[in-house]
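A.B. asks: build the 3D model from these lines:
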Amino acid sequence: MQQLYNDYSGFIKNKFGCRVQKISVNTGLTCPNRDGSKGTGGCIYCNNESFNPAYALGSKTITQQLDEGINYFSKKYPSQKYIAYFQSFSNTYESADSIKKRIEEALSFRNIVGISIATRPDCINDEILEMLASFSKKYFFVIEYGIESSINRTLEQINRCHSWEDSVNAIRKTSYYGIYSCAHLIIGLPGEAEEDYISHAKEISKLPVNFIKLHQLQILKGTKAEEMYISKPELFLIPSLEEYTDIICEFISNLSPDIIIERFTGESPPEMVVAPKWNRIKNFEVTEIIRKKLKERGIYQGKSYNIK
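C.D. replies: Numbering: from 1, shown residues only. Down below sits the predicted model:
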C-alpha cells in the first residue's frame with residue numbers, strides 16, 4: 001500500500017524507538033526585524049504569547065524551563081525522551097559562543113536526546129553552522145527556518161526583512177554542514193492564492209530540506225495582521241477548514257516524497273484568534289481530515305512531483 005505521506009512521528013519512532021516530546025525553550029532573544037537592525041515591529045502575524053507554554057519564559061533559565069516542562073509531560077508518559085525546542089524569536093541571533101553555551105546547558109539536562117533551534121535564514125553564518133555541526137554529529141539536531149513564503153513580494157509585505165534567496169542559501173549551507181533543516185511555511189498570507197501554495201511546494205522540493213512544518217495563517221489579536229484584516233480584509237484569502245485541507249492535499253501531491261512532514265496546522269488559544277474560526281478544532285483532527293481526503297482521492301506525497 002502506498003504511504004500517504006512521509007510522517008514525522010513515524011520517523012521519530014524509528015529513530016529513537018520510543019515516544020519523544022518537544023519541550024519549548026524561550027531564550028529571551030529577539031529578531032533583526034524587531035530590534036531595528038533590519039526593521040521594527042516584527043512579522044505582521046507574530047504574537048509569541050500564542051504558542052509559548054506557561055513554563056517557557058525568557059526570565060527563567062533553560063534548566064528551569066526544561067525541568068518544569070518535563071515534569072508536566074512526564075506525568076502522562078513517564079518513560080519518554082525529549083527534544084529541547086528553542087522556539088521563540090531567532091535563536092541564532094547572537095554569538096556562536098553564546099549559542100553553544102545554551103545548547104550545552106540543554107543537553108546536560110535529563111532525558112534530552114536532541115535539539116531543535118528555530119531561527120531566520122538571515123541569522124546564520126559559517127561560524128555558527130560549524131559550531132552547530134559539532135553537536136549534530138553526536139545528537140539529533142535540527143535548524144528550523146522561518147521560510148514562510150517563496151515569494152519575495154509576500155515576504156516584504158509581511159515584514160520578514162529577508163528574501164527567498166536568503167532561505168535557499170541558508171538551507172543549502174545547512175545541508176553542506178551535515179545538519180538537518182526544517183522549513184516553516186504559512187498558508188494564507190496576504191496576496192497569495194492556491195497556485196502560489198503549489199509553487200511553494202515545488203520550490204521547497206528543489207532544496208535539501210529534511211522536514212517541513214505547514215501552518216495556516218492565524219490572524220491574532222494585537223498584531224499588525226489584525227489591523228490590516230480589519231482595514232483591508234480583501235488582502236486576505238482566508239480559507240475555510242474545507243478549503244485549507246483541500247489545499248494541503250494538493251501541496252502534499254506536489255511535495256518531494258523525501259521531505260518529512262512534521263505538522264499541517266498551528267494551534268493558538270481560541271480567545272486570541274480573529275480568523276480563521278474553525279470551531280476550536282484540534283491539530284490531530286485536521287490531520288485526520290487530511291488523511292481521509294488523501295485516501296478518498298488517491299493522493300499521496302509526491303504523486304504530482306516532478307524532479308525537474
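
A.B. asks: who does the residue most central in space within the chain bridge with?
C.D. replies: Geometric centre of the chain, nearest residue: H184, 3.8 Å, by CA atoms, centre = their mean. Bridge pairing for H184 (DSSP bridges) gives the partners G146, K213.

A.B. asks: model confidence for it, exactly?
C.D. replies: Note on H184: pLDDT of 97.

A.B. asks: same thing with the one 5 residues further on?
C.D. replies: Reading off the per-residue confidence, L189 sits at a pLDDT of 95.

A.B. asks: what count of nearby residues applies to it?
C.D. replies: L189 sits with 23 neighbouring residues when counted by other CB atoms under 10 Å. For every residue, glycine as well, the C-beta is placed using N, CA and C.

A.B. asks: and Q21, what helix or strand is that in?
C.D. replies: Here Q21 sits within strand 20-25, counting by DSSP states H and E.

A.B. asks: pLDDT averaged over the helix or strand that that strand is followed by - what is it?
C.D. replies: Going down the chain from strand 20-25, the next helix or strand is helix 62-73, by DSSP H and E. What helix 62-73 shows for mean pLDDT is 92.

A.B. asks: just checking, what packs against the helix or strand following helix 62-73?
C.D. replies: Next in sequence after helix 62-73, counting helices and strands by DSSP H and E, comes strand 81-86. Counting contacts by 3 or more CB pairs under 8 Å, 6 or more residues apart in numbering; DSSP states H and E, strand 81-86 packs against strand 20-25, helix 62-73, helix 96-107, strand 112-119.

A.B. asks: let's see 6 Å
C.D. replies: strand 20-25, strand 112-119 (3 or more CB pairs under 6 Å, 6 or more residues apart in numbering; DSSP states H and E).

A.B. asks: circling back: paired strands for the strand holding Q21, with orientation please.
C.D. replies: Strand pairing (DSSP bridges) places strand 20-25 next to strand 81-86 (parallel).

A.B. asks: ok now the strand it pairs with, how far from the chain's centre?
C.D. replies: Here strand 81-86 shows a centroid-to-chain-centroid distance of 14 Å under the convention CA atoms, centre = their mean, to the nearest Å.

A.B. asks: for L241, give me its contacts.
C.D. replies: By CB atoms under 6 Å, 6 or more residues apart in numbering, the residues touching L241 are W278.

A.B. asks: give me the distance between the two termini of stretch 222-240.
C.D. replies: For stretch 222-240, the first-to-last residue distance is 22 Å (CA to CA, to the nearest Å).

A.B. asks: which residues sit against it?
C.D. replies: By CB under 6 Å, 6+ apart, stretch 222-240 touches 44-45, 47, 188, 190, 193, 219, 274-276.

A.B. asks: for this protein, which spans come out with low pLDDT?
C.D. replies: 1, 48-58, 307-308 (pLDDT under 70).

A.B. asks: let's see it at 80
C.D. replies: 1-2, 48-59, 280, 307-308 (pLDDT under 80).

A.B. asks: what about the helices in the stretch 101-250 of the chain?
C.D. replies: Taking DSSP state H, counting those that start in this stretch, the helices of the stretch 101-250 of the chain run over residues 126-136, 152-157, 164-176, 194-205, 224-231, 241-254.

A.B. asks: which of these sits most buried?
C.D. replies: Between the helices of the stretch 101-250 of the chain, helix 241-254 has the highest mean count of neighbours, a mean of 20, where neighbours are mean count of other CB atoms under 10 Å.

A.B. asks: picking up where we left off before, redo the helices and strands packed on strand 81-86 as a markdown table? Include mean neighbour count.
C.D. replies: A markdown table is the format used below for the helices and strands packed on strand 81-86 (neighbours: other CB atoms under 10 Å):
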| stretch | mean neighbour count |
| --- | --- |
| strand 20-25 | 21 |
| strand 112-119 | 22 |
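
A.B. asks: can you redo these as CSV with distance to Y197?
C.D. replies: As requested, the helices and strands packed on strand 81-86 are arranged in CSV below (distance: least, CB to CB, whole Å):
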stretch, distance to Y197
strand 20-25, 26
strand 112-119, 22
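
A.B. asks: out of these, nearest to I171?
C.D. replies: Ranking the helices and strands packed on strand 81-86 by proximity to I171 (CB to CB) places strand 112-119 first, at 12.0 Å.

A.B. asks: ok, the closest one: who's next to it in the sheet?
C.D. replies: Here, using DSSP bridges, strand 112-119 pairs with strand 81-86 (parallel), strand 140-148 (parallel).
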